[in-house]
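A.B. asks: this one's sequence-less:
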């Protein structure tokens, strides 16, 4: 573990057993890496509530502490003190295990997230794949929670959510493939390092958009908030949960959104790259946090602005639009990249490539993506126009029919 | 004879996961719990792959078996009625005994014969994910089986879509 090699050396120097020192520093590292998300989520809940309130022209939490900063702590105490109910007909073990799995599936992601070029839990060779594999535990926990509650609303909610999560994993993985392909590595450290010349969001804005939309769906945020469709499902798969178990589902969701923001910053926005990032780890960490937070804020903005889609619209949008688009994008980018490399116009390895070296690749890939986006936009506009015209005709026919009926 | 280090402890833990999950699958009377036990068992196998320094396969094991196949089984189980009350018991002692014995012998033979039958053991070179990926597209490597498998999967997918399609449209 990279985080505590210095600490380990220090402990050995001060006379500790080397095995013990290694174990202790590993333990501290694990606690640190898993502690960061746990502390972050406390602040995130306040941020989310405050921003949602401001967007909806409310004030939000403002009573407990300055600007309501202590509100989350008060809520936590309340959730912990609440009666911990397990329905009699529920499957006891699975019912209680599910919130844990849900939260763990998000916290596990932080193991591979590099905070700076040299500070990370572990630099897995397969970090991108790890991210997708761990996300499948989240799907599992929803399914188990819905079933173990022994409640028909919970079960229906779980069905819808799992259908949503499984479907949107497909474009998510295809969009994830683009940075992996460009960097030639699945390690998040390598992917961020490969963006020294140019951010991948410029190379393939389409991949970023697809990733953004699918991760919004994966976290169950509006317009894909079927997880929590209060008006249709009472509350969704977590209806029977109360107290801290309910709180854990929510904490997992809040944290997942922020984690996705950080991941997108790493995959598409160069991670910790920014002015003077090599001067100090803190500056690198600041850039990563800043980029992640900006992406996180835009997801909150969208969440509080757009209405919910119907399940059939969500499914049609995914399978008929996002999936073909993401597959086409992968094929196009890989073909263009190979051609560029054969023509010696693109560096074989993006790590350490300067901006001029990256320029031809950037222009070609960006223009190809732009062409797709313009084409798709034109197609969508035509489609929308057709739908408007046909609905107008229907309305006119209806008005005429009812008018003539009134005349008679 | 067995030294107690991190790998052997991990091996024991994952064995408990794998075997315990497998026992859970065959003993529980509840189909849904059965699938969850199955996932525990598959998770243990992913752990073995990690111990064998094949992290790529471990992640794929979790992604494909737990994330896709087990979720699909759960869907199928939940769509069938009365999943919690399976009263019929399938007790055929002698056929199952013979079946499991034959499987056990095959596995034992498969594991031990390459080691003791004069063949050399598997090379202890740890291949990286990079090597693995290269071998799949290398002309001297596994490009033909890889292409055949992908062709087969594509054909199966198209077939599934064709079968599931509405007749009218």
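C.D. replies: Perfect, I can see it now. Bear in mind that the values here come from a model prediction, so they are computed numbers and not experimental data. Numbers count the residues shown, from 1 in each chain, chains lettered A, B, ... in the order given.
A.B. asks: pretty sure residue A:305 contacts residue A:55?
C.D. replies: Yes: with contact defined as C-beta atoms under 8 Å, residue A:305 counts as touching residue A:55 (6.8 Å). In short, each C-beta sits where N, CA and C put it, glycine included.
A.B. asks: the two: who's more crowded?
C.D. replies: residue A:55 (14 against 11; other C-beta atoms under 10 Å in any protein chain shown).
A.B. asks: could I get the contacting residues of residue 103?
C.D. replies: Picking chain A for this. A:248, A:249, A:251, A:252, A:255 (C-beta atoms under 8 Å, 6 or more residues apart in numbering or on different chains).
A.B. asks: mind doing that once more with 6 Å?
C.D. replies: Taking C-beta atoms under 6 Å, 6 or more residues apart in numbering or on different chains, we find residue A:103 in contact with A:248, A:252.
A.B. asks: tell me which element it is part of?
C.D. replies: helix A:92-107 (DSSP states H and E).
A.B. asks: in that helix, what counts as buried?
C.D. replies: A:94, A:95, A:97, A:98, A:99, A:101, A:102, A:103, A:104, A:105, A:106, A:107 (16 or more other C-beta atoms under 10 Å in any protein chain shown).
A.B. asks: check stretch A:370-383 too.
C.D. replies: Those would be residue A:372, for stretch A:370-383 by 16+ other C-beta under 10 Å.
A.B. asks: ok, and the closest non-adjacent residue to the residue in the stretch 301-408 of chain A that chain B sits nearest to?
C.D. replies: The minimum distance from the stretch 301-408 of chain A to chain B, using C-beta to the nearest C-beta, falls at residue A:319 (10.9 Å). Leaving aside its chain neighbours, residue A:319 sits nearest to residue A:167 (6.7 Å; criterion: C-beta to C-beta, 6 or more residues apart in numbering or on different chains).
A.B. asks: burial count for residue 37?
C.D. replies: You didn't say which chain, so I picked chain A. With other C-beta under 10 Å as criterion, residue A:37 counts 24.
A.B. asks: other chain: chain B
C.D. replies: Neighbour number of residue B:37 under other C-beta under 10 Å is 20.
A.B. asks: with the one 5 residues further on instead?
C.D. replies: Counted with other C-beta under 10 Å, residues neighbouring residue B:42 total 21.
A.B. asks: helix, strand or coil for the residue of the stretch 301-408 of chain A closest to chain B?
C.D. replies: helix (DSSP: H, G, I helix; E, B strand; the rest coil).
A.B. asks: show me what residue of chain B gets nearest to chain A.
C.D. replies: Counting by C-beta to the nearest C-beta, chain B gets nearest chain A through residue B:67, at 2.7 Å.
A.B. asks: state the helix or strand in which the closest residue to that residue other than its chain neighbours lies.
C.D. replies: Counting by C-beta to C-beta, 6+ apart, the nearest residue to residue B:67 once its immediate chain neighbours are dropped is residue A:136, at 2.7 Å. With elements taken from DSSP H and E, the one containing residue A:136 is helix A:127-148.
A.B. asks: for that helix, enumerate the helices and strands it packs against.
C.D. replies: helix A:92-107, helix A:152-183, helix B:55-60 (3 or more C-beta pairs under 6 Å, 6 or more residues apart in numbering or on different chains; DSSP states H and E).
A.B. asks: angle of the first one against helix A:127-148?
C.D. replies: So the one you mean is helix A:92-107. Inter-element angle recorded for helix A:92-107 and helix A:127-148: 150 degrees (by axes from the mean of the first three to the mean of the last three C-alpha atoms, to 10 degrees).
A.B. asks: give the next helix or strand downstream of helix A:92-107.
C.D. replies: strand A:114-116.
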